[in-house]
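A.B. asks: Here is a sequence with its predicted model. Questions after.
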Amino acid sequence: MGDGDDDFTLLERWRNGDQLAGEALCARYFEPIYRFFENKLAGEADDLTQQTFLACVKSRDRFRGASSFRTYLYAIARNELYMRLRGPKFEHVDLDASSLAELVTSPSKQIDRRREVEVLHAALRQLPVEQQVLLELRYWHELDIPALTEIFETSTGALRVRLTRARKALRQLLGTPLDDDSQDPLSVSLRDPEDG
């Protein structure tokens, strides 16, 4: 088994009892899933990442391959995040209206990050969770529109509208444009109002 094995090959081997294939598949996506949670609930990123992969292990035989394994894994991660935000610690959270800045008393530390990244992260945390997750999955985790429509269980048109509204809301929170030299995909998208 090499690093060149695609996700479906590894998944099939894992389903047939090859634990190393399962470990390789999980290792392939550990970093991006961890970052997904770290940007939202840094103190709980370890636990949420572990919960995501445990849920993946439990449901691996139900994955039918209609989407990429990566899309499937991000859908699980999103569900784990939402379950945590609806848990006893956060109580009655409206994910379409509440921001993580409102929910988390101590936001994650952005040590050794440039000021622009800190400002961007702070603004993202002020958005409703649903908008924050959508922007991060699209621009930082590079999920395409079909993958996002599956994760958010909506149509392409509705998703594009949500994406446009989320970028507009983030632009308004930032107030001033970010550095034109930034290569961060989300920052670049904010400079182009038509980007989707």
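C.D. replies: Ah, there it is.
A.B. asks: Skip ahead from the worst-scoring helix or strand of the chain on mean pLDDT and say which helix or strand is next.
C.D. replies: Every helix and strand in the chain was compared by mean pLDDT, DSSP states H and E; the lowest is helix 100-103, with a mean of 52. Using DSSP states H and E, the next helix or strand after helix 100-103 towards the C-terminus is helix 115-126.
A.B. asks: And that next one, what does it pack against?
C.D. replies: Packing partners of helix 115-126 (3 or more CB pairs under 8 Å, 6 or more residues apart in numbering; DSSP states H and E): helix 100-103, helix 129-135, helix 156-174, helix 185-191. In short, each C-beta sits where N, CA and C put it, glycine included.
A.B. asks: make it 6 Å
C.D. replies: Applying 3 or more CB pairs under 6 Å, 6 or more residues apart in numbering; DSSP states H and E, one finds that helix 115-126 contacts helix 100-103, helix 156-174.
A.B. asks: Ok, which of those helices comes nearest residue 19?
C.D. replies: Checking these against residue 19 by CB to CB gives helix 100-103 as the closest, at 35.4 Å.
A.B. asks: Would you format the helices and strands packed on helix 115-126 as a markdown table with distance to residue 83 and mean neighbour count included?
C.D. replies: Formatted as a markdown table, the entries for the helices and strands packed on helix 115-126 read as follows, by distance: least, CB to CB, whole Å; neighbours: other CB atoms under 10 Å:
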| stretch | distance to residue 83 | mean neighbour count |
| --- | --- | --- |
| helix 100-103 | 14 | 18 |
| helix 156-174 | 21 | 16 |
